[in-house]
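**Student:** take a look and give me a structure for this.
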Amino acid sequence: MMPELLFLWTDLLLWLLVMLTLLFIRYAGKRRHLREPWQRVFRSGMAVGAAVVLGVFILIGLLDSIHFRSGDDATNPGEVLSLFDTMVTPLREQQEKSYSAPFATTLYAREMVMQEDGGTERIYPQLKYGGAHLTDLGEKRWDILLTTAIGVAQAIVLWLLVAGLLGLWRRSKPSPSSPRERVRVRGEFAAHWLSVLRRSSDNTNRFPWHVLAWMLLILFMLILVSANLSLKYHILGTDKVGEDVFYQALKSIRTGLVLGTLTTLVMLPAAILMGVMAGYFRGWVDDVIQYLYTTLNSIPGVLLIAASVLMLQVYMDNNAADFSSTIERADMRLLFLCIILGVTSWTGLCRMLRGEALKIRELDYVQASQAFGVSSFRIMMRHLVPNVMHIVLITVVLDFSGLVLAEAVLAYINIGVDPSTNSWGNMINSARLEMAREPIVWWSLSAAFVFMFALVLAANLFSDVVRDAFDPRLRGKG
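**Tutor:** Presented below is the predicted three-dimensional model:
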């Protein structure tokens, strides 16, 4: 029997956001005022490098957003898995007894073990999976080096293939017919292949292929080396219940992306609509909207989020029959947290759009439209909204990293996502007690920090280039 697909709310909304993004790309490609700034963005080596890293995170998050039930029939529904879970099955299933350090072959703490002679001894028990293939534990270092070398070799072969395809795609000419023409084309292909790896002298007006190529090489090495090593060892150790920390960090990517993107989906409609209306109509409409977001800003955001999450928790406890699995309960809490964060974060963008709309409504072409009797709705959609989209784009990309970090803070004070949900915030929250152990269990906190740092740094670098490309005040200087 085929696995039954399970459509979680966050999955549906995340894929809806992907479709809207693709439609926006098609729309922007036909509008010069949107196409040219994005072309400037992707002429920046820093933006391309950050986009490659973000692309890997997004790919993992999307693969983890296709859920299904693994059971055979209604009497045996099985557990809820994602497509990403099936791809990393060894990481998910290789669970130890308790804590173990990165690349360790024994547990992190001593245990009393019964000996053959009936006595007991306090030793470090052997792990069930980590390093289990080794016949001699002294060979661990050479085994790690050999596995790493194999992963690096695989990455180089894959990278050469991808770089060759990029060079072939850049040439994009018809097949030659004569032998002399074939020799000339081979030389051109080699030149195109090398141009992918070298920095262009005219770097301001061309796509930075060299950045893309070298970033792909680094990512291929990291991915393939990690994949090979994780089949033999717990490369980031295990947690209290023996679950692989590397698997937890990868599963947390989806939670960070959901909070950073779906919150934007909730925030944008209210911010754009109210900001443009307040600036265009002024008068009592402006007063009402200003009163609304000023009142909302006066309420401490953390208290509002805490009260809302507690209300939802009470509702789910009283209506447990409405949720058929734990993951659906956790998904509902994640969705509700996105809604609450969106409700509390639209006010800043609304205030900026109001100020920009006040300025645009006084321009000549808007005044001419009013004189010709064009409806207010049409003026706002045709003249105001397109001219404030640069502010919307800049705010969206800048707020993404802030929302990812907000999840960690909220989880630390126990009002974030459900404890059963894999997230960097929950990993940091659980590390509070681990850091008080003797010896210290440091790898859960370090893994969450490294993955969160990589995502937030890539998002910030990319957002800086987007801001410079879309900000009219900086466009002339560039």
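**Student:** and the nearest residue to Phe246 once chain neighbours are set aside, how far is that from Gly130?
**Tutor:** With CB to CB, 6 or more residues apart in numbering as the criterion, Phe246 has its nearest non-adjacent residue at 4.2 Å, and that residue is Leu236. (Glycine included, C-beta is placed from N, CA and C.) Leu236 sits 11 Å away from Gly130, going by CB to CB, to the nearest Å.
**Student:** quick one on the thing from earlier: I'd assumed the residue nearest to Phe246 was in a helix, is it?
**Tutor:** No: counting by DSSP: H, G, I helix; E, B strand; the rest coil, Leu236 is not part of a helix but coil.
**Student:** now do the contacts for it.
**Tutor:** Pro102, Asp244, Val245, Phe246, Ala249, Trp443, Ser446, Ala447 (CB atoms under 8 Å, 6 or more residues apart in numbering).
**Student:** would you turn these into TSV with distance to Thr261?
**Tutor:** Formatted as TSV, these follow (distance: CB to CB, whole Å):
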residue	distance to Thr261
Pro102	31
Asp244	26
Val245	25
Phe246	24
Ala249	19
Trp443	28
Ser446	26
Ala447	23
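**Student:** in JSON lines, list the residues you listed along with secondary structure.
**Tutor:** Below are these laid out as JSON lines (three-state DSSP):
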{"residue": "Pro102", "secondary structure": "coil"}
{"residue": "Asp244", "secondary structure": "strand"}
{"residue": "Val245", "secondary structure": "helix"}
{"residue": "Phe246", "secondary structure": "helix"}
{"residue": "Ala249", "secondary structure": "helix"}
{"residue": "Trp443", "secondary structure": "helix"}
{"residue": "Ser446", "secondary structure": "helix"}
{"residue": "Ala447", "secondary structure": "helix"}
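**Student:** what's the most distant pair in these?
**Tutor:** Asp244 and Ser446 (14.5 Å; CB to CB).
**Student:** who has more neighbours out of those two?
**Tutor:** Neighbours per residue, other CB atoms under 10 Å: of Asp244 and Ser446, the larger number sits with Asp244, 27 against 16.
**Student:** which residues outside stretch 131-149 are in contact with it?
**Tutor:** Residues from elsewhere that reach stretch 131-149, judged by CB under 8 Å, 6+ apart: Phe103, Ala104, Thr105, Gln126, Val225, Asn228, Leu229, Lys232, Tyr233.
**Student:** state the mean pLDDT of that stretch.
**Tutor:** Averaging pLDDT along stretch 131-149 gives 87.
**Student:** chain center to it, what's the gap?
**Tutor:** 33 Å (CA atoms, centre = their mean, to the nearest Å).
**Student:** can you check stretch 413-430 too?
**Tutor:** That offset, for stretch 413-430, works out to 17 Å (CA atoms, centre = their mean).
**Student:** show the average pLDDT along that stretch.
**Tutor:** 84.
**Student:** give the buried residues for it.
**Tutor:** Neighbour-count burial for stretch 413-430, counted by 16 or more other CB atoms under 10 Å, picks out 415-418, 421-430.
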